[in-house]
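the amino acid sequence is not available; the structure is as follows:
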């Protein structure tokens, strides 16, 4: 389809030169443009397709960037980026050195607030609105938030504060009944009743918070949207517009399978069919190892519980939810609640597996300390997507968990080196622990193509001995200490150099507590030690080894390899590991240099 209107739109000023009838054609072109690019380059699809009309209406009615627009999470901001001076660069989206997949302040003046995690938009936009008032500026402030995100505690906190201000704030609820997975909870049921006209207007909870409420209206009806936004521009104080949209609008398959087409990978832009990759003879995903192992454990232990905050598909908690629906809970985008819910269950003797992406556990840090660790409750945290996650970039890398958990008393930290190790630590934790534990593992596949979930059961599991490190390779001169799946890169690098027994390699599954007995032997034997991790070196595993050496008066030469002390942007995992020098070639170069220096 020709993009004759879209090609003339470089910024919202160009957009405002069109009449409303032309905007309908522009919406078709914009939707088609998103589909064409994402089909080839990949990324988040359904969310942006669902807000094409809203995006156009907002930039048409409001004087952006002077009027400040905040997108919650940012999955839905592709159309926004295309209309705000980034159309010609959009094919670089989520690629190394290209556009971010999320709104980002240093990328464009139209991206007023950096986002990636949910439920921040209302607080941020309210902060902007109050600041504008204090500066005597006459600006509009708009927060666009989804029905899944608005159920989060932080969104309620923002609404609660905004309702007692006279801030020029417009909150737009994009209600499509789905986040990444379908929305859950009582608020979802309330919104459904409102949409269906079954909830009396006098019961409107948004009005009770002192917002001027309007809607629900059809979020794909551009003329109606524009008319209502023009009206709301003239209304003073906090305002709330409830719109109904369809995630994936305009692509039949994306409308019919909204979970799969949230981020479908490559697909045929014409037919919408996903281009299937052969998964035959491939190692399992760590997420599936977790999910399928949990089901096997739960079959034999009625006290096992599964909890996830809004990520049943991504974390593979869906297997537990299907097998034991009364013992597995999707609590929505509510990480703080998930952690304390797990703590409450643990007080009653339940064996609770709380699966949270590493980057999202940051949102529940106080609960981990105050509600779990302080009370020494044996909650089992399964930290999915630990390490560098790739194209989602700085907002999503799970590189801080070792550092932010290691300082907390009582908590244990384990990083399995492969899928068998993950399976065994899950089994070990299920047998009962005296302390909480965080088990961290990466996004993506393992290395063991022979792992068979159907043949794997409790009789095949092995109990892991607490605190014990494992020698993977003997050596005479240099000790390499790795934690987690980065051990694979270390092994590959060592296999590619003429070692002749120079390097020893140890896997430290337990980052806390450390195997101090083995560390004493290592420090006594090896003058040079290298630590390797896929997390930040500041406060991470390497820091723990340095602390041990200092505490015990060792003077070994210790090199730390890991993620440096700044935020890592987006790119493939391979590219980002290369950037951090923890890829196979980077490690090989370091090992070769040390080998040459020793020979000299």
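It's in. The structure displayed is predicted, hence computed values, not measured ones.

from here on, just use CA atoms for contacts and neighbour counts.
Fine.

do I have it right that residue 116 meets residue 360?
No. Applying Cα atoms under 8 Å as the test, residue 116 and residue 360 come out as separate, 10.4 Å apart.

which of those two has more neighbours?
residue 360 (24 against 20; other Cα atoms under 10 Å).

which residues does the more buried one contact?
By Cα atoms under 8 Å, 6 or more residues apart in numbering, the contact list for residue 360 reads 117, 335.

buried ones in stretch 33-53?
33-39, 41-53 (16 or more other Cα atoms under 10 Å).

over to stretch 441-457?
Taking 16+ other Cα under 10 Å as the neighbour-count basis, stretch 441-457 is seen to contain the buried residues 441, 442, 443, 445, 446, 447, 451, 457.

what's in contact with stretch 394-412?
If you take Cα under 8 Å, 6+ apart as the criterion, stretch 394-412 is touched by 115-117, 357-359, 362, 369, 373-374, 376, 385-390, 413, 435-438, 510-513, 534-536, 538-541, 563, 567-570.

those in helices, which ones?
Under the assignment DSSP state H, these contribute 358, 359, 541 to helices.

neighbours around the second one, how many?
Here the count is done by other Cα under 10 Å, and residue 359 has 22 residues near it.

leaving out chain neighbours, which residue sits closest to it?
Distances taken as Cα to Cα, 6 or more residues apart in numbering put residue 398 closest to residue 359, at 4.8 Å, once the chain neighbours are dropped.

pLDDT score for the one you found?
The model reports residue 398 with a pLDDT of 98.

and the average pLDDT for stretch 161-178 is what?
The predicted model gives stretch 161-178 an average pLDDT of 93.

stretch 248-257 now?
Over the span of stretch 248-257, the pLDDT mean works out to 89.

chain center to that stretch: distance?
23 Å (Cα atoms, centre = their mean, to the nearest Å).

can you check stretch 116-132 too?
20 Å.

now that stretch: buried residues?
Judged by neighbour count (16+ other Cα under 10 Å), stretch 116-132 contains these buried residues: 116-130, 132.

next: stretch 53-64.
Residues of stretch 53-64 classed as buried by neighbour count (16+ other Cα under 10 Å): 53, 54, 55, 56, 57, 58, 59, 60, 61, 62, 63, 64.

those helices in the stretch 251-400 of the chain, which residues are they?
In the stretch 251-400 of the chain, helices defined by DSSP state H, counting those that start in this stretch lie at 252-256, 286-300, 312-315, 318-323, 335-347, 358-361, 365-367, listed in chain order.

centre of the chain to the fifth one, how far?
What that stands for is helix 335-347. Relative to the centre of its chain, helix 335-347 is centred 20 Å away, using Cα atoms, centre = their mean.

pLDDT of it, averaged?
Along helix 335-347, the predicted local confidence has a mean pLDDT of 98.

could you name the helices and strands sitting against that helix?
Where contact means 3 or more Cα pairs under 8 Å, 6 or more residues apart in numbering; DSSP states H and E, helix 335-347 is packed against strand 304-308, strand 351-357, helix 365-367.

10 Å instead, please
Other elements packing on helix 335-347 under the criterion 3 or more Cα pairs under 10 Å, 6 or more residues apart in numbering; DSSP states H and E are helix 153-162, strand 304-308, strand 351-357, helix 358-361, helix 365-367, strand 380-384.

just put the ones you listed in JSON lines and tack on distance to residue 594.
Putting the helices and strands packed on helix 335-347 into JSON lines (distance: least, Cα to Cα, whole Å) gives the following:
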{"stretch": "helix 153-162", "distance to residue 594": "50"}
{"stretch": "strand 304-308", "distance to residue 594": "45"}
{"stretch": "strand 351-357", "distance to residue 594": "36"}
{"stretch": "helix 358-361", "distance to residue 594": "33"}
{"stretch": "helix 365-367", "distance to residue 594": "39"}
{"stretch": "strand 380-384", "distance to residue 594": "34"}
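
which SS state does the residue nearest to residue 166 when sequence neighbours are not counted fall under?
Using Cα to Cα, 6+ apart and skipping the chain neighbours, the partner closest in space to residue 166 is residue 237 (4.4 Å). Following DSSP: H, G, I helix; E, B strand; the rest coil, the label given to residue 237 is coil.

begin at 110, not 1, for the rest of this chat.
New numbering, starting at 110: the last item is residue 346.

number of residues surrounding residue 346?
Residue 346: 17 surrounding residues under other Cα under 10 Å.

residue 239 touches residue 274, doesn't it?
Yes. Contact criterion Cα atoms under 10 Å: residue 239 and residue 274 qualify, at 8.5 Å.

circling back: tell me which of the contacts of stretch 503-521 fall in strands.
The strands, defined by DSSP state E, take in 466, 522, 546, 547, 619, 620, 621, 643, 644, 645, 672 from the contacts of stretch 503-521.

residue contacts, the first one?
Read it as residue 466. Applying Cα atoms under 10 Å, 6 or more residues apart in numbering to residue 466 gives the contacts 417-418, 420, 423-424, 444, 490-495, 505-507, 549-552.

hmm, try it at 8 Å
424, 491, 492, 493, 494, 495, 507.

sorry, back to before: out of the ones in strands among the contacts of stretch 503-521, who's nearest residue 321?
Taking Cα to Cα as the measure, residue 466 is the one of those closest to residue 321, at 36.1 Å.

just for the stretch 560-709 of the chain, where's the confidence low?
562-567, 708-709 (pLDDT under 70).

again, only this time at 90
Scanning the stretch 560-709 of the chain for pLDDT under 90 picks out 560-570, 607-610, 703-709.

per-residue confidence at the residue nearest to residue 460 when sequence neighbours are not counted?
Taking Cα to Cα, 6+ apart, and ignoring the residues beside it in sequence, residue 460 has residue 413 as its nearest neighbour in space, at 4.6 Å. With respect to pLDDT, residue 413 scores 98.

likewise the one 5 residues further on?
Per-residue pLDDT puts residue 418 at 96.

was I right to think it contacts residue 465?
Yes. Using Cα under 8 Å, residue 418 and residue 465 qualify as a contacting pair, with a distance of 6.7 Å.

shared neighbours, these two?
Residues touching both residue 418 and residue 465 by Cα under 8 Å, 6+ apart: residue 444.

neighbour count: the two, which is higher?
Using other Cα under 10 Å, the more surrounded residue of residue 418 and residue 465 is residue 465, with 26 against 23.

quick check: pLDDT value at the more buried one.
Note on residue 465: pLDDT of 98.

who does it form a beta bridge with?
When bridges are taken as DSSP bridges, the partners of residue 465 come out as residue 492.

distance check, it against residue 451.
As defined by Cα to Cα, to the nearest Å, residue 465 lies at a distance of 12 Å from residue 451.

picking up where we left off before, out of the ones in helices among the contacts of stretch 503-521, the closest to residue 322 would be?
Of the ones in helices among the contacts of stretch 503-521, the one sitting nearest to residue 322 (Cα to Cα) turns out to be residue 468, at 33.9 Å.

nearest to residue 128 among the buried residues of stretch 550-566?
residue 552 (46.3 Å).

where's that closest one relative to residue 424, distance?
Taking Cα to Cα, one finds residue 552 at 9 Å from residue 424.

got it, and residue 341?
From residue 341 across to residue 424, the span is 40 Å (Cα to Cα).

who has more neighbours, these two?
More neighbours sit around residue 424 than around the other of residue 341 and residue 424, counting by other Cα under 10 Å; the figures are 24 against 17.
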